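Engineer: Following is a predicted model, sequence given first.
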Amino acid sequence: MQTDLFAMLALTDVLTSSTANTLIKEILAFLQQKRTSKKDKAEMVKKIAKLVNLSNNTGQAISCYMQLLKNSTEASVHSTELRRLLKELPKNVGTAQLEKFEDVRFQRHLRKEGIELIHQFREDYESASRVYAEAERHLECAINDYRQNNDGYNQEIEHLTRQLDELVVLATRRIDEFIEGLREAYKVLESIK
């Protein structure tokens, strides 16, 4: 997934449950007024535009975190399978598989096409980057141990998988938070008779 990161710099303004609730109630109160001034109408247009903009940003943010979720899940599953397979593969094939995992699944998919997409969410980005760095350390140790016929690679891959699972949890939690803001907006809108 190729995304222009600079086009998404303002994504940190997303729809929260309280913001959705407040904006929609203000819009509903405005619609129930019998007479309104041009100033009030202009203010309402701004609030509606804000609601639409925040909803759009939230959808885009969900898309970024979904990509992180997808890539971290795939990397976790791949590392689990790799751990199992390395016991059965010839050393040169196992080493090639570990290097391919590192180059493709780990560095390209997870880092560049996953974590980098959430850079505008500074706290999550820093947290994900720390987890990634720790996972990368375990991966490098696993590769070195495997090359040296040291069975410690197995434990290193297990630690790697746990780090990748942390990224899955981070992405899932954030997606749930974003969806809650949208859910609240739809719930309030649905209650309108």
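Structural biologist: Sure thing, it's come through. Worth saying up front: this structure is predicted, and the values here are computed from it rather than measured. Numbers count the residues shown, from 1 in each chain.

Engineer: hey, let's count contacts and neighbours off CA atoms from now on
Structural biologist: Fine.

Engineer: Quick check: what element follows the lengthiest helix in the chain along the chain?
Structural biologist: If you go by DSSP state H, the chain has its longest helix at helix 38-86. Sequence-wise, the next helix or strand downstream of helix 38-86 (DSSP states H and E) is helix 91-100.

Engineer: which element follows that next one toward the C-terminus?
Structural biologist: Heading C-terminal from helix 91-100 (DSSP H and E), you reach helix 122-147.

Engineer: now this structure, which segments are flagged as low pLDDT?
Structural biologist: For the chain, residues meeting the criterion pLDDT under 70 lie at 1-12, 193.

Engineer: picking that back up, what's the offset of the longest helix of the chain from the middle of its chain?
Structural biologist: 7 Å (C-alpha atoms, centre = their mean, to the nearest Å).

Engineer: Tell me the helices and strands packed up against that helix.
Structural biologist: helix 17-32, helix 91-100, helix 152-190 (3 or more C-alpha pairs under 8 Å, 6 or more residues apart in numbering; DSSP states H and E).

Engineer: got the angle between that helix and helix 17-32?
Structural biologist: Here helix 38-86 points in a direction 150 degrees away from that of helix 17-32 (axes from the mean of the first three to the mean of the last three C-alpha atoms, to 10 degrees).

Engineer: Is it possible to get TSV of the helices and strands packed on helix 38-86 that adds mean neighbour count and distance to Cys64?
Structural biologist: Compiled in TSV, those are given as follows (neighbours: other C-alpha atoms under 10 Å; distance: least, C-alpha to C-alpha, whole Å):
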stretch	mean neighbour count	distance to Cys64
helix 17-32	15	20
helix 91-100	15	24
helix 152-190	19	9
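
Engineer: Quick one: these as TSV, columns for distance to Asn56 too.
Structural biologist: TSV is the format used below for these (distance: least, C-alpha to C-alpha, whole Å):
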stretch	distance to Asn56
helix 17-32	13
helix 91-100	37
helix 152-190	10
